[in-house]
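A.B. asks: need a 3D model of the sequence below.
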Amino acid sequence: MPFSDKIVWITGASSGIGKALAIELSNQDAKLILSSRKKDDLELVKNACKNSANVKIITLDLENYTNLQSTADEAIAAFGKVDILVNNGGISQRSLVKDTHISVDKRIMDINYLGTIALTKAILPHFIKNKTGHFVVTTSIVGKIGTPLRSSYAASKHALHGFFDSLRTENHQNNIAVTLICPGFVYTNVSKNALTGNGTPQQKMDVATENGIQPERFAKLMAKAIKQRKEEIYISGVKEKFGVYVKRFFPKIFSIMIRKMSVT
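C.D. replies: Here you go, the predicted structure:
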């Protein structure tokens, strides 16, 4: 098994992509550390894994990013080391710029960006000491292109690309890999939990999300990318991938295309 005896720490593991990845890697004999704010949901994921004895649970809140060093130390102690950190935790957004209170912008950046890089910095010395390690980051297609109703979310995901591209370059000599996973639409509760302009959850699923890739299929493709130590990969439908390439090579055309997206 490609992940046999690998110790993988997954944040945002209580549902969606994180849950599906945990089950997939468990089926490939990985030892897992599962984290999120919801301990009861993590217990359900643990029980769904192939060998629950090889699964540890550590609760964390990425928004409380000033206290993550002790959490990283606890994760290292769980199995004696960590081989792969999957930075999957985060929150989305559905609101126009003009309707989004600055406190919502701050909360999204605190969770998606500052929480993620704080946890990364907490585990980085462990990877450097071991001369090996792998950071996997769930960003988004929106980390490459900005779309309506997701300004703060897109900003947080763009920021992750800048940070982790720099980290990869700085730590190449330490055999530390970085894989940026860019999902398109995946059938999860991400849109239900997305923050609106006043900070409350949207509480409904977008049509595109409802028609997205099933998380189990996504997890298999994500696991393959991790195994191959890809630097960046888009796991999405054809339209989302097409948008990335149009933006890259024909930015003016992309601007015209994106204006036609629904903003209601």
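A.B. asks: isn't V82 right up against E74?
C.D. replies: No: between V82 and E74 there is no contact under Cβ atoms under 8 Å: 10.7 Å. All C-beta spots, glycine's among them, are computed from the backbone N, C-alpha and C.
A.B. asks: show me the shaky parts of the stretch 101-250 of the chain.
C.D. replies: By pLDDT under 70, the stretch 101-250 of the chain has no low-scoring segment.
A.B. asks: helices of that one, start to end?
C.D. replies: Using DSSP state H, counting those that start in this stretch, the helices found in the stretch 101-250 of the chain span residues 102-108, 116-130, 151-170, 190-193, 207-210, 215-227, 238-249.
A.B. asks: which of V82 and E74 has more neighbours?
C.D. replies: Using other Cβ atoms under 10 Å, the more surrounded residue of V82 and E74 is V82, with 23 against 14.
A.B. asks: for that one, which residues are in contact?
C.D. replies: Residues near V82 by Cβ atoms under 8 Å, 6 or more residues apart in numbering: I7, V8, W9, I33, A75, I76, I123, H126, F127, G133.
A.B. asks: report whether the fourth one is found in a helix, as I expect.
C.D. replies: The one in question is I33. No: going by DSSP: H, G, I helix; E, B strand; the rest coil, the assignment for I33 is strand, not a helix.
A.B. asks: could you count how many residues lie near the closest residue to it other than its chain neighbours?
C.D. replies: Nearest residue to I33 in three dimensions, chain neighbours excluded: W9, at 4.1 Å (Cβ to Cβ, 6 or more residues apart in numbering). Residues contacting W9 under the criterion other Cβ under 10 Å number 28.
A.B. asks: let me know the pLDDT of W9.
C.D. replies: pLDDT, W9: 98.
A.B. asks: just to check, it is in contact with N87?
C.D. replies: No: assessed by Cβ under 8 Å, W9 is found out of contact with N87, at 9.2 Å.
A.B. asks: if I read this right, G184 contacts I235, doesn't it?
C.D. replies: Yes: using Cβ under 8 Å, G184 makes contact with I235 at a distance of 7.0 Å.
A.B. asks: buried residues in stretch 172-181?
C.D. replies: Using 16 or more other Cβ atoms under 10 Å as the test for burial, stretch 172-181 gives I176, A177, V178, T179, L180, I181.
A.B. asks: what distance separates that stretch from the centre of its chain?
C.D. replies: Taking Cα atoms, centre = their mean, to the nearest Å, one finds the center of stretch 172-181 at 16 Å from the center of the full chain.
A.B. asks: identify the residues contacting it?
C.D. replies: The contact list for stretch 172-181 (Cβ under 8 Å, 6+ apart) reads 124, 127-128, 131-139, 143, 160-161, 164-165, 167-168, 222, 225-226, 229-233, 235.
A.B. asks: buried subset of these?
C.D. replies: Here, 16+ other Cβ under 10 Å leaves 124, 127, 133-139, 143, 160-161, 164, 167-168, 222, 225-226, 230, 232-233, 235 buried among the contacts of stretch 172-181.
A.B. asks: before we move on, what SS does S4 have?
C.D. replies: coil.
A.B. asks: quick one: it from N54, how far?
C.D. replies: Per Cβ to Cβ, to the nearest Å, S4 is found 11 Å from N54.
A.B. asks: who touches both of these two?
C.D. replies: What both S4 and N54 touch, as defined by Cβ under 8 Å, 6+ apart, is the set A30.
A.B. asks: neighbour count: the two, which is higher?
C.D. replies: The neighbour comparison of S4 against N54 (other Cβ under 10 Å) goes to N54, with 16 against 9.
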